[in-house]
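>>> all I have is the shape, not the residue letters:
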Ligand SMILES: [Fe+2]
């Protein structure tokens, strides 16, 4: 697809087995798909006994498969295996010598949720935290090595759009306020894959947030020069704020404010936006109060 969103090339590949694929990564020469080691029995879902996600079973003894599909359809498809883990989202991938590097958010098992549970009843201690890992995929030895980049539970990685498929030095993610274990997302972290978590901004205790969207400053050349936008649900007032942070420094211009830090802008909406997943779009302008 080109930058105008027009499809310029299309080809198909079949892979054996069930595939729960939510996201993929792309480099100049490859598309990367992770095939999580799960199976799916749709019957309880079809009969209305369970939610769809509750019909997914994780296989702890089976590897996660990484499919490397060349963008040139005449080239051979490769598959590498890595430790059993579950991946929804990739931050980015790029090529480096004989290797493909991909940074992804991994769970040690499938993080299913009982559909009968209220969000406030979830036992977060019993759930696997989502953590950011780096995979080094060696095309010559056909091996995959993975290393933990960030221990704090985090999700929804976002990078500068111009860095997609190229080496990156900055990833923004929604994260837990607490440094270990699983917990609701109440913070944003900025990660340098070489050095780990670099910056932390939190809306705790009463703020709950979603995907941080990075908007580059027009004409900027620095990878983190821009703004980080996110929706923060304010549980004190039952409404949502649009929060804007400075990408070069999440705490820039911040002043001590209660237990948190002020962003560079906080727009109070007149209502709440249901705490959902991510990728929310609207054609309408949102109205806010000063
Ligand atoms: Fe997603």
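Nice, I can see it. In this text the structure is predicted, and so the values were computed from the model without any measurement.

>>> CA atoms for contacts and neighbours, from now on please.
OK.

>>> for the residue lying closest to residue 178 once chain neighbours are set aside, helix, strand, or coil?
Excluding its sequence neighbours, the residue lying closest to residue 178 (CA to CA, 6 or more residues apart in numbering) is residue 152, at 7.3 Å. Under DSSP: H, G, I helix; E, B strand; the rest coil, residue 152 falls in the coil class.

>>> if I pick residue 152, what's in contact with it?
Residues in contact with residue 152, defined by CA atoms under 8 Å, 6 or more residues apart in numbering, are 129-131, 175-176, 178-181.

>>> if you set the cut-off to 10 Å instead, what comes out?
By CA atoms under 10 Å, 6 or more residues apart in numbering, the contact set of residue 152 is 129-132, 175-183, 189, 197.

>>> what's opposite residue 25 in the beta bridge?
In this entry, residue 25 is beta-bridged to residue 32, by DSSP bridges.

>>> sorry, wrong one. I was asking about residue 155.
Bridge pairing for residue 155 - DSSP bridges - gives residue 174.

>>> what about it, how many neighbours?
For residue 155, the count of nearby residues is 27 (other CA atoms under 10 Å).

>>> can you tell me which of the contacts of residue 152 has the most neighbours?
residue 175 (32 neighbours).

>>> wait, isn't that one in contact with residue 191?
No: using CA atoms under 10 Å as the test, residue 175 is too far from residue 191 to be in contact (11.1 Å).

>>> and the closest residue to residue 26 other than its chain neighbours, how close does it get to residue 95?
Nearest non-adjacent residue to residue 26, counting by CA to CA, 6+ apart: residue 165, 5.5 Å away. Distance, residue 165 to residue 95, using CA to CA, to the nearest Å: 8 Å.

>>> list the residues that contact both of these two?
Common neighbours of residue 165 and residue 95 (CA under 10 Å, 6+ apart) are 26-30, 101-102.

>>> nearest residue to the middle of this structure?
Central residue of the chain (CA atoms, centre = their mean): residue 156, 2.4 Å from the mean position.

>>> ok, so of the contacts of residue 152, who is nearest residue 81?
residue 132 (18.2 Å; CA to CA).

>>> which SSE is the closest one in?
Following DSSP states H and E, one finds residue 132 within strand 131-138.

>>> on that earlier part again, Throw the shared contacts of residue 165 and residue 95 into JSON lines and include distance to residue 111, pLDDT and neighbour count, thanks.
Below are those laid out as JSON lines (distance: CA to CA, whole Å; pLDDT from 0 to 100; neighbours: other CA atoms under 10 Å):
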{"residue": "26", "distance to residue 111": "25", "pLDDT": "97", "neighbour count": "22"}
{"residue": "27", "distance to residue 111": "28", "pLDDT": "98", "neighbour count": "20"}
{"residue": "28", "distance to residue 111": "32", "pLDDT": "97", "neighbour count": "13"}
{"residue": "29", "distance to residue 111": "32", "pLDDT": "97", "neighbour count": "15"}
{"residue": "30", "distance to residue 111": "28", "pLDDT": "98", "neighbour count": "20"}
{"residue": "101", "distance to residue 111": "25", "pLDDT": "98", "neighbour count": "23"}
{"residue": "102", "distance to residue 111": "21", "pLDDT": "98", "neighbour count": "23"}
